[in-house]
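Engineer: What follows is a predicted protein model with its sequence.
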Amino acid sequence: MCLAVLDLIFKNSRIRFKCFPQKRNANNIERMKYPIYGLLITLVLLSLGCSRKIVETGNASFYADKFVGRKTASGEVFGQNKLTAAHKTLPFGTKVKVTNLTNGRKVAVWINDRGPFVDGRIIDLSKKAATKINMVRSGVVQVSIKYKKKRSNQ
């Protein structure tokens with residue numbers, strides 16, 4: 001039987017990482033030291049925990065058909081068959097994961113427009129994106145949006 005134990009040892013202001021797979025042999029425990037594995041495990045855990053993900057919740061709606069063919073704020077021509085969305089402040093080109101909180105369905109969209117300009121709404125989706133999270137019939141649903149915050153160059 002092999003058990004992985006991750007030990008963080010603070011010594012002389014340095015952190016040493018050790019991973020000890022343990023083999024049980026009769027009455028004694030044989031330890032093999034693999035410090036690189038402990039370091040790799042720690043780095044992976046830190047990178048997952050330190051990502052700059054932001055989550056917002058609020059209402060989402062979807063674009064009316066009258067906007068098809070018009071230019072968006074980014075200069076693209078709007079089409080209902082694209083996985084795009086409008087947000088008031090996110091930079092154009094930001095990838096956002098939208099989750100319908102009533103049914104748990106998710107869709108990934110790209111921000112290419114500004115809006116919605118209705119109180120309480122945080123995002124406007126294209127009809128294709130709205131269909132994927134099953135909100136076309138209701139029109140407005142409670143959603144959460146998740147995106148990575150871009151690092152500033154300061």
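Structural biologist: In hand now; what should we look at?
Engineer: Just the strands from this structure, written as ranges.
Structural biologist: Taking DSSP state E as the criterion, the chain carries its strands at 2-11, 14-25, 28-31, 53-62, 84-86, 95-100, 106-113, 121-125, 141-148.
Engineer: what about Tyr147, neighbour count?
Structural biologist: Using other Cβ atoms under 10 Å, the number of residues around Tyr147 comes to 21. Placement of C-beta: from N, CA and C, glycine included.
Engineer: Show the contacting residues for it.
Structural biologist: Applying Cβ atoms under 8 Å, 6 or more residues apart in numbering to Tyr147 gives the contacts 53-54, 90, 94-97.
Engineer: So which of those residues wins on neighbours?
Structural biologist: Val96 (22 neighbours).
Engineer: List the residues that contact that residue.
Structural biologist: Contacts of Val96 (Cβ under 8 Å, 6+ apart): 85, 87, 90, 108-111, 123, 145-147.
Engineer: what's the answer for Ile145, then?
Structural biologist: Ile145 neighbours (Cβ under 8 Å, 6+ apart): 55-57, 60, 87, 96-99, 122-123.
Engineer: Buried subset of the residues you listed as a ChimeraX selection?
Structural biologist: Typed into ChimeraX, the next command selects the buried ones out of these (criterion: 16 or more other Cβ atoms under 10 Å):
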select :60,87,96,98,99,122,123
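Engineer: Looking at the contacts of Val96, which is nearest Ser74?
Structural biologist: Ile111 (8.1 Å; Cβ to Cβ).
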